[in-house]
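J.: model this:
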Amino acid sequence: MLIAAIAAFCTAYYIVNVVQLHMAIKRAFKLDPVKRIKPIDCIQCLSVWIALILLFLPADVSQVLAVIFGAGFISAKVQ
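T.: Presented below is the predicted three-dimensional model:
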């Protein structure tokens, strides 16, 4: 259960801060750059939804996401 929470946070952090998926969506659909696209632009909101999805998936998926995006989170903080 703890691994799913860690995986959700690290995945959301990577999507919002590193990939900036919300900015790509705004550019692709020519949306107003000031308006928000919740939950894609909010780490807290997105991590809740990802955690809910991971709750219903096998534990192996949570472990893989925790390792992959956890490494990205740690490397961004160490840098």
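J.: Show the end-to-end separation of stretch 21-34, please.
T.: 15 Å (Cα to Cα, to the nearest Å).
J.: List of residues touching that stretch?
T.: Ile15, Val16, Arg36, Ile37, Ile40, Asp41 (Cβ atoms under 8 Å, 6 or more residues apart in numbering). The C-beta positions use only the backbone N, C-alpha and C, and glycine is treated the same way.
J.: Filter the residues you listed down to the buried ones and hand me the ChimeraX line.
T.: Selecting only the buried entries of the contacts of stretch 21-34 in ChimeraX, with 16 or more other Cβ atoms under 10 Å as the criterion:
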select :15,16,40,41
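J.: now, the most widely separated pair of the contacts of stretch 21-34?
T.: Longest distance between any two of these is 14.7 Å, between Ile15 and Arg36; criterion Cβ to Cβ.
J.: So which residue is dead centre in the protein?
T.: The residue lying closest to the centre of the chain (Cα atoms, centre = their mean) is Ala12, at 1.5 Å.
J.: Figure out the helix or strand that that residue lives in.
T.: Here Ala12, judged by DSSP states H and E, is contained in helix 2-13.
J.: List the buried residues of stretch 39-53.
T.: For stretch 39-53, burial by neighbour count (16+ other Cβ under 10 Å) applies to Pro39, Ile40, Asp41, Cys42, Ile43, Leu46, Ser47, Val48, Ile50, Ala51.
J.: how much space between Gln44 and Pro58?
T.: Separation of Gln44 from Pro58 (Cβ to Cβ, to the nearest Å) stands at 25 Å.
J.: Now do the strands in this protein.
T.: Here the chain has no strands by DSSP state E.
J.: all helices of it, in order?
T.: All helices of the chain, identified by DSSP state H, fall at 2-13, 21-28, 43-56, 59-78.
J.: so how far is the last one off the chain centroid?
T.: Helix 59-78 has its average C-alpha position 11 Å from the chain's average C-alpha position, going by Cα atoms, centre = their mean, to the nearest Å.
J.: Over to stretch 47-54?
T.: With Cα atoms, centre = their mean, you get 9 Å for stretch 47-54.
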